[in-house]
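In: any chance you can model this:
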Amino acid sequence: DDGILYMATNAAFPPYEYKEGDNFAGIDVEIATEIAKKLGMELQIADVEFGSIIGGVSTGKYDIGMAGMTVTEERKQSVNFSNTYATGIQVIIVKDGSSITSLDDIFVFNDEGDPTALKNTDIKVGVQQDTTGDIYSSDAIKKWGFNDLADDGSTTTDRVVRFKTGAEAVAALKSGKVDCVIIDNEPAKSFVAANEGIHILAGDNEYAVEDYAICVDKGNTELLDKINKALDELKADGTIDGIINKYIPKDGGAQ
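Out: As a prediction, the model looks like this:
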């Protein structure tokens with residue numbers, strides 16, 4: 001009603017959202033700015049912990065949550081999601097010289113290509129708390145997680161180490177506190193470029209592929225419809241592709 005579109009994000013996820021001095025930048029920031037223009041509103045951004053975004057949106061503190069957020073069934077219980085605007089890939093970062101050179105060094109696979117056990121049961125995996133990297137990694141081994149779970153779903157052996165930001169997880173990797181870090185591919189490229197001695201597992205070693213969308217309170221279907229209409233228009237006129245290509249060159253130059 002006040003003409004402001006309040007967006008919650010976690011500005012530690014480059015190139016989707018980050019800070020340049022006191023200003024916000026990144027793919028999500030620019031797309032949200034264009035959506036606000038379409039709606040005739042002014043965008044106002046709050047930088048919060050990732051795990052508090054959905055709660056803030058569902059209680060009406062923020063209008064939207066946009067933070068490289070993946071649509072999951074669990075999250076859909078609390079909020080609605082817009083149409084997809086980008087695709088993310090979860091990758092694995094390791095130290096140079098690590099014994100982990102592929103997924104085959106982590107999991108034992110059956111003939112169908114499904115994991116059945118860990119090759120190193122002492123492995124420690126670093127993630128940003130409450131992200132899908134955390135959710136996936138914290139699952140049972142047979143579901144591509146790293147933990148031993150009881151029949152009721154409770155964790156009997158937790159091999160996942162959670163950090164508030166991806167940068168903290170990478171710092172833990174460099175200091176030897178964790179054996180690898182699982183995070184989205186684009187932030188992973190930024191962290192690798194900024195830190196010597198670490199790299200992303202190359203080749204066919206993607207941990208997961210997922211779609212990014214904007215979360216909106218379940219009771220605000222009017223806003224959701226307007227956002228989807230704006231996204232459709234921004235896709236059709238090439239604006240979203242232009243923003244994504246600005247931060248993620250098609251030739252892979254950001255690697």
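
In: residue contacts, Ile135?
Out: Applying CB atoms under 8 Å, 6 or more residues apart in numbering, one finds that Ile135 lies in contact with Thr72, Glu74. (Each C-beta comes from the backbone N, C-alpha and C, glycine too.)

In: I'd assumed it was in a helix, is it?
Out: Yes - checked against DSSP: H, G, I helix; E, B strand; the rest coil, Ile135 lies within a helix.

In: mind checking pLDDT for it?
Out: Model confidence at Ile135, given as pLDDT, is 89.

In: quick one: buried residues of the lengthiest strand in the chain?
Out: Among the segments of the chain that qualify as a strand by DSSP state E, the longest is strand 86-95. Applying a neighbour-count criterion of 16 or more other CB atoms under 10 Å, the buried positions in strand 86-95 are Ala86, Gly88, Gln90, Val91, Ile92, Ile93, Val94, Lys95.

In: pull the residues that contact stretch 224-235.
Out: In contact with stretch 224-235 (CB under 8 Å, 6+ apart) are residues 31, 34-35, 38-39, 64, 80, 82-83, 85, 214, 216, 240-241.

In: can you tell me which of the residues you listed is nearest Val160?
Out: The shortest approach to Val160 among these belongs to Ile214, at 26.9 Å (CB to CB).

In: who wins for most neighbours among the contacts of stretch 224-235?
Out: If you count neighbours using other CB atoms under 10 Å, the busiest of the contacts of stretch 224-235 is Ile214, which has 29 neighbours.

In: quick one, what contacts the nearest residue to that residue once chain neighbours are set aside?
Out: Counting by CB to CB, 6 or more residues apart in numbering, Ser82 is the residue found nearest to Ile214 once chain neighbours are left out, at 4.1 Å. Neighbour list for Ser82: Ala213, Ile214, Cys215, Val216, Leu224, Ile227, Asn228, Leu231 [criterion: CB under 8 Å, 6+ apart].
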